[in-house]
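1. Could you look at this predicted model? Sequence included:
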There are 2 protein chains.
Amino acid sequence: MTPEPEAYERWACELDTLYAHAWQRLTRGVHDRHAPARHPTLATVSREGWPQARTVVLRAADKARACLEIHTHLHSAKIDDLRIQPRAAVHVWDSASKLQIRLQVQVDITSGPAAAQAWARVPEASRGAYSAGHRPGEIIASSLAYTQQPDPAAFAVLTLNLEEMDLLHLGTQHRRAVFSRAHGWAGQWRVP
Amino acid sequence: MTPEPEAYERWACELDTLYAHAWQRLTRGVHDRHAPARHPTLATVSREGWPQARTVVLRAADKARACLEIHTHLHSAKIDDLRIQPRAAVHVWDSASKLQIRLQVQVDITSGPAAAQAWARVPEASRGAYSAGHRPGEIIASSLAYTQQPDPAAFAVLTLNLEEMDLLHLGTQHRRAVFSRAHGWAGQWRVP
């Protein structure tokens, strides 16, 4: 006997409601700084072939075009990785929904004049993260031997174009489905 | 003028205390199911060269040997990835400590009789995750068209041997340092 799903998790029982819920949670990450999707993990592959994973901040989510946006330092290691291989994975564990969101994305890098509009919307207090001079990850002699000099030329927008979305819901029963751009975002159930 | 660090974050100001704190937080993840390090994100590289990231459960942490342990289904996609390239990245965002822990690890896979001791310690209720028959990720016709038949032959232990630990503390001032096995876990400050 399969237990009846609880009302609060019925969204996980059908492919279309599961997909819609995941986008709702991603979109919430853009607008609510306390939402789990505010801080996804972005994984890339380094020149040497090592996987690399770090926290990023979600800046935009567009369900119709199936893309997300994040910002980064143009001279960060993740940009080096993406210039060699513009594929990344995005990971969110949404504890409130008990939902793991895994995305495969193709990444477009925008910087310079083309990123000016996005730069104009970066709050003054956050601009120090895009600093002239020091490159993130550079070796320094002591912990605070760096400066934060805002520089629009160090600012980059990453557009993450989704190829695939893999959703795992850990409910009364576990459910997993994969949705892909190639199939018009129709989903397929998978073994969790 | 550099602001004086708050007492509660002085551990982030010296390389040795920063390193010790990270291991304390990892170790807590093993013993406390609500600790952030309980559920790291593990990134691998697929046969096709895509990064892959998913949540895992931390089962052991050994500072002296600088290794961690997780468990997985022997027929999961991450095992396929690791058989081709036994390198992974581990990511933890420890919100309580405002500490990002990034690890580069070499992975050993243990299964069958060699994993029998670890299998014996897996609680009965958790054994369904290591199931005979269905392979995780297999396409199924409906969401619950799978069984969970515990099978010790489907159980694998991953030993994650650390090569490098990259720590980023977002405190009053941000601090970042990298520690590596090659340098006897001596650390180097980096630009955050």
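-> That came through fine. Residues are numbered from 1 along each chain as shown, chains lettered A, B, ... in the order given.

2. Look through chain A and tell me its longest helix.
-> helix A:15-31 (DSSP state H).

3. what does the host helix or strand of residue A:82 rub up against?
-> Here residue A:82 is covered by helix A:77-84, with elements defined by DSSP states H and E. With CB atoms under 8 Å, 6 or more residues apart in numbering or on different chains as the test, helix A:77-84 has contacts from A:42, A:44-47, A:52, A:54, A:72-73, A:88, A:107, A:109, A:136-137, A:156, A:158. (Each C-beta comes from the backbone N, C-alpha and C, glycine too.)

4. hang on, the earlier thing: give me the contact list for the longest helix of chain A.
-> Here helix A:15-31 has contacts from A:10-12, A:35-40, A:58-61, A:63, A:68, A:92, A:94, A:97, A:99, A:101, A:165, A:167, A:169, A:175, A:177, A:179, A:185-187, A:189, using CB under 8 Å, 6+ apart.

5. one more time with 6 Å
-> Contacting residues not belonging to helix A:15-31 are listed as A:11-12, A:35, A:37-38, A:58, A:60-61, A:63, A:94, A:97, A:101, A:167, A:177, A:179, A:187 [CB atoms under 6 Å, 6 or more residues apart in numbering or on different chains].

6. Can you list which of the residues you listed are found in helices?
-> Going by DSSP H, the helices hold none of these.

7. Drop anything exposed from the residues you listed.
-> Buried residues within those, counting neighbours by 16 or more other CB atoms under 10 Å in any protein chain shown: A:11-12, A:35, A:37-38, A:58, A:60-61, A:94, A:97, A:101, A:167, A:177, A:179, A:187.

8. and which of those residues is nearest chain B?
-> Nearest to chain B among those: residue A:177, at 7.3 Å, using CB to the nearest CB.

9. Which residues are in contact with that closest one?
-> A:15, A:18, A:167, A:187, A:189.

10. Any chance of JSON lines for the residues you listed, columns distance to residue B:124 and pLDDT?
-> Formatted as JSON lines, the contacts of residue A:177 follow (distance: CB to CB, whole Å; pLDDT from 0 to 100):
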{"residue": "A:15", "distance to residue B:124": "32", "pLDDT": "98"}
{"residue": "A:18", "distance to residue B:124": "30", "pLDDT": "98"}
{"residue": "A:167", "distance to residue B:124": "28", "pLDDT": "98"}
{"residue": "A:187", "distance to residue B:124": "33", "pLDDT": "97"}
{"residue": "A:189", "distance to residue B:124": "27", "pLDDT": "98"}
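
11. can you tell me which of these lies nearest to residue B:126?
-> Closest approach to residue B:126 among the contacts of residue A:177 (CB to CB): residue A:167, at 22.0 Å.

12. if I pick the closest one, what's in contact with it?
-> Contacts of residue A:167 were listed using CB under 6 Å, 6+ apart, and they are A:18, A:22, A:177.

13. what's the answer for residue A:109, then?
-> residue A:156.

14. Mark which of the contacts of helix A:77-84 are buried, thanks.
-> A:42, A:44-46, A:52, A:54, A:72-73, A:88, A:107, A:109, A:136-137, A:156, A:158.

15. Show me these that map onto strands.
-> Among those, DSSP state E puts A:42, A:44-45, A:52, A:54, A:72-73, A:88, A:107, A:109, A:156, A:158 in strands.

16. Chain B contacts on chain A?
-> Residues of chain A lying near chain B by CB under 6 Å from any CB of the partner chain: A:2, A:41, A:43-45, A:50-53, A:55, A:87, A:89, A:91, A:93, A:100, A:104, A:134, A:136-140, A:143-144, A:146, A:173, A:175, A:188-191.
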